[in-house]
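J.: Sequence plus the predicted model coming up.
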Amino acid sequence: MQELRFKNLLVAVDGSPGSALALAAAVSAAQRDHARLTLLTVVPDVLTETTRWGNAAALPTGDLQDDADRMGRETLQDAGREIPQDLPVTLRVRHGKAAAQIVQEAQETDYDAIVMGARGRSRVGALMGSVSQEVLHHSPTRVFVAHEPAAAA
């Protein structure tokens, strides 16, 4: 069996326990292989989402987008603090549907793999679960999904 080696990993983060586990796994792999990490969080495109509602014009979409963007940046900054200083890391925010944006990012850059949590829920909204399934089916590269087991009772 051939051992996997990585040069460039895409890590989807949303602040959930599954996302934290995925980040820890990616950091371990990156340290072993001296790989680059890109941490990605996806923020909803509030204007696009609210146009589906009947009273969208009455909503303060600018304020809502600003809040979503701020939470996305905070999620990335929190995750970035977990990265050892000797690892190269890039922080990215994309807007739109999480799965589509993760796949698009993977299509636009030569990543060796996507590492993401299963069924996470962020302060911004759901990132994983059906998202991880969609990424698995549409990704142009390997996908590793980390699952944090339920706490023992």
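T.: Cool, got the structure. If you're wondering where the values come from, they're calculated on a predicted model, not measured in any experiment. Residues are numbered from 1 along each chain as shown.
J.: by contact count, what packs against the longest helix anywhere in the chain?
T.: When the chain is scanned for its longest helix (criterion: DSSP state H), the result is helix 61-80. The helices and strands touching helix 61-80, judged by 3 or more CB pairs under 8 Å, 6 or more residues apart in numbering; DSSP states H and E, are strand 36-43, helix 46-50, strand 89-95. In short, each C-beta sits where N, CA and C put it, glycine included.
J.: Could you spell out the sheet neighbours of the first one, each with its direction?
T.: So the one you mean is strand 36-43. Partners of strand 36-43 in the sheet, by DSSP bridges, are strand 8-12 (parallel), strand 89-95 (parallel).
J.: What count of nearby residues applies to the residue lying closest to residue 12 once chain neighbours are set aside?
T.: Using CB to CB, 6 or more residues apart in numbering and skipping the chain neighbours, the partner closest in space to residue 12 is residue 116 (3.9 Å). Residues near residue 116, counting by other CB atoms under 10 Å, number 32.
J.: so after the helix or strand containing residue 116, what's the next helix or strand?
T.: Using DSSP states H and E, residue 116 maps to strand 113-117. The helix or strand immediately downstream of strand 113-117 is helix 130-138, counting by DSSP H and E.
J.: Which pLDDT value belongs to residue 105?
T.: Residue 105 is assigned a predicted lDDT (pLDDT) of 98.
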